[in-house]
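Undergrad: What shape does this take:
(one chain, ligands or ions: 3)
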Amino acid sequence: MKIIMLGAPGAGKGTQAKMIAEKYSVPHVSTGDIFRANIKNGTELGKQAKEYMDKGQLVPDELTVKILLDRVAQDDCKNGYVLDGFPRTIPQAEVLDEALTKLSESIDYAINVDVPDENIVGRMGGRRACVKCGATYHVKYNAPKVEGVCDACGDKLILRDDDAPETVQKRLDVYHEQTQPLIDYYEKKGVLKTVDGTVDMKDVFAAICEILG
Ligand code: ADP
Ligand code: ADP
Ligand code: ZN
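TA: Ligands and ions are numbered 1, 2, ... in the order given. Just a heads-up that it's a prediction; the model follows:
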């Protein structure tokens with residue numbers, strides 16, 4: 001099963017993708033997580049990506065596409081995956097489609113987690129992230145058992161640099177301009193499914209499970 005998560009920054013893509021990955025036994029592939037791991041490890045890719053990320057801009061397609069194609073070519077992606085944060089532009093979606101077509105494969109579901117901008121800013125200020133395993137928490141809506149510590153792996157939780165309110169607004173603008181057109185793109189392909197992302201995360205997940213079966 002090959003699934004794409006669509007939605008604004010902070011809509012809950014990562015939260016839902018983690019749960020889907022666990023239930024359907026497919027890897028959770030997040031380009032944001034890959035970039036953050038590279039930043040943490042001080043790689044050249046990390047240095048390049050950070051310049052864009054800190055400004056709330058997208059990392060250029062050339063850099064991003066290569067990372068993603070390498071990742072999904074790995075063995076654990078043979079039976080599918082859930083992509084979180086990719087594609088984010090029409091050119092990225094086209095490259096992915098071409099690569100899949102060559103393998104006689106295609107995306108099964110593009111799940112659009114729908115949350116209006118007004119709800120996003122409050123969510124981001126309370127988000128806490130684990131760079132080691134990619135888990136995300138919220139101080140109010142999904143607090144870790146021990147403050148500042150990841151339930152899943154025990155690492156320290158961080159407040160992301162790009163979750164500052166000014167940067168969140170910029171990311172929302174970038175989302176509407178460059179990423180939202182993908183909703184139409186996948187609608188035309190007949191794989192788009194939209195769920196209400198404003199309800200409790202358990203209920204969002206229930207709606208997604210109904211779609212995936
Ligand atoms: P969020 O889930 O809050 O939207 P992500 O972790 O997906 O955040 O992405 C964080 C940042 O990483 C983005 O703002 C962007 O700079 C960069 N990024 C992640 N995925 C992509 C992508 N597919 N194309 C370009 N930039 C990306
Ligand atoms: P994205 O990957 O789309 O950027 P996340 O999954 O990281 O979004 O969620 C953003 C923040 O909102 C996190 O702090 C997360 O715990 C919280 N969150 C996710 N889903 C919900 C929900 N349905 N209701 C309230 N808060 C949520
Ligand atoms: Zn963790």
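Undergrad: Output stretch 32-47 as PDB, nothing but the C-alphas.
TA: These are the backbone C-alpha positions of stretch 32-47, laid out as PDB (Å, rounded to 0.1, in the frame of the first residue of the first chain):
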ATOM      1  CA  GLY A  32      11.300  16.700   7.100                       C
ATOM      2  CA  ASP A  33      12.600  14.000   9.400                       C
ATOM      3  CA  ILE A  34      15.400  13.000   7.000                       C
ATOM      4  CA  PHE A  35      16.500  16.700   6.700                       C
ATOM      5  CA  ARG A  36      16.400  17.100  10.500                       C
ATOM      6  CA  ALA A  37      18.500  14.000  11.000                       C
ATOM      7  CA  ASN A  38      21.000  15.400   8.600                       C
ATOM      8  CA  ILE A  39      21.100  18.700  10.400                       C
ATOM      9  CA  LYS A  40      21.600  17.000  13.700                       C
ATOM     10  CA  ASN A  41      24.500  15.000  12.200                       C
ATOM     11  CA  GLY A  42      26.100  18.100  10.600                       C
ATOM     12  CA  THR A  43      26.100  16.600   7.000                       C
ATOM     13  CA  GLU A  44      26.500  18.800   3.900                       C
ATOM     14  CA  LEU A  45      22.800  18.100   3.000                       C
ATOM     15  CA  GLY A  46      21.800  19.200   6.400                       C
ATOM     16  CA  LYS A  47      23.600  22.500   6.100                       C
END
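Undergrad: Let me see the mean pLDDT of that stretch.
TA: Mean pLDDT, stretch 32-47: 96.
Undergrad: Touching that stretch from outside, list them.
TA: Around stretch 32-47, the neighbours that count as contacts under Cβ atoms under 8 Å, 6 or more residues apart in numbering are 14, 49-50, 53, 59, 63, 67, 71, 84-85, 129, 131, 134, 160. To be clear about C-beta, it is placed using only N, CA and C from the backbone, and glycine gets the same treatment.
Undergrad: what's the offset of stretch 42-56 from the middle of its chain?
TA: Between the centre of stretch 42-56 and the centre of its chain there are 17 Å (Cα atoms, centre = their mean, to the nearest Å).
Undergrad: now stretch 40-48
TA: The gap between where stretch 40-48 is centred and where its chain is centred comes out at 19 Å by Cα atoms, centre = their mean.
Undergrad: Just the buried residues of it, please?
TA: Neighbour-count burial for stretch 40-48, with 16 or more other Cβ atoms under 10 Å as criterion, is recorded at L45, G46, Q48.
Undergrad: measure it end to end?
TA: Counting by Cα to Cα, to the nearest Å, you get 13 Å between the two ends of stretch 40-48.
Undergrad: same thing with stretch 188-202?
TA: From start residue to end residue, stretch 188-202 stretches across 29 Å - Cα to Cα.
Undergrad: do stretch 15-34 as well
TA: Start-to-end span of stretch 15-34 (Cα to Cα) is 16 Å.
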